[in-house]
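A.B. asks: Here is a sequence together with a model predicted from it:
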Amino acid sequence: MSFSTHVLDAARGCPAADVPVALLSAAEPGWHPLAEGVTDSDGRYRYTDQAGSEEIAAGIYRVVFDTGAYYSASGQAGFYPEVSVTFRVTDPAAHHHVPLLLSPFAYSTYRGS
């Protein structure tokens, strides 16, 4: 499985650059961090592990967006300081794209392609 995201600022009508993103996997007794980064100038982030691979196994994962940092940096006030999206991977060979549409008082996400 490979993973990517694309964050769009729906209130401003543009990509959300420099949003801190963390990818975690479910593990006992909680969550295990896999990677951290920030969205690029087009609002995109793609997971690559320390060995340079994009492959991860079937299981449950969580992507956490630090929207509070993004709002502070862009001079906006937002209601949600963090957005956390938990998803299940059943096919490790598939690409998983989890976009985030963001505005100060709402957000939405879906499984993209």
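C.D. replies: Thanks, I have it.

A.B. asks: buried ones in the lowest-mean-pLDDT helix or strand in the chain?
C.D. replies: Lowest by mean pLDDT, DSSP states H and E among the helices and strands of the chain is strand 95-97, with a mean of 90. Under the neighbour-count criterion of 16 or more other Cβ atoms under 10 Å, strand 95-97 has His96, His97 buried. C-beta coordinates here come from the backbone N, C-alpha and C atoms, glycine included.

A.B. asks: Compute the distance from the centre of that strand to the centre of its chain.
C.D. replies: 11 Å (Cα atoms, centre = their mean, to the nearest Å).

A.B. asks: Direction included, what does the helix or strand following it pair up with?
C.D. replies: Next in sequence after strand 95-97, counting helices and strands by DSSP states H and E, comes strand 100-103. Sheet partners assigned to strand 100-103 using DSSP bridges are listed as strand 2-9 (parallel), strand 106-109 (antiparallel).

A.B. asks: which residues are contacting the first one?
C.D. replies: Identification of contacts with strand 2-9 by Cβ atoms under 8 Å, 6 or more residues apart in numbering yields 14-16, 19, 21, 23, 39, 42-47, 54-56, 61, 63, 65, 70, 74, 95-103, 112.

A.B. asks: In this structure, what residue spans correspond to strands?
C.D. replies: In the chain, the strands defined using DSSP state E lie at 2-9, 14-15, 20-27, 30-38, 44-46, 59-65, 83-89, 95-97, 100-103, 106-109.

A.B. asks: so what secondary structure elements neighbour the fifth one?
C.D. replies: Right, strand 44-46. strand 2-9 (3 or more Cβ pairs under 8 Å, 6 or more residues apart in numbering; DSSP states H and E).

A.B. asks: Please could you give me each C-alpha atom of the strand it packs on, formatted as CSV?
C.D. replies: Written as CSV, here are the backbone C-alpha positions of strand 2-9 (Å, rounded to 0.1, in the frame of the first residue of the first chain):
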residue,chain,number,x,y,z
SER,A,2,1.1,3.5,-0.7
PHE,A,3,-0.4,6.5,0.9
SER,A,4,-0.9,10.2,-0.2
THR,A,5,-3.0,13.1,0.8
HIS,A,6,-4.0,16.4,-0.8
VAL,A,7,-5.2,19.3,1.5
LEU,A,8,-7.3,22.0,-0.1
ASP,A,9,-8.3,25.2,1.7
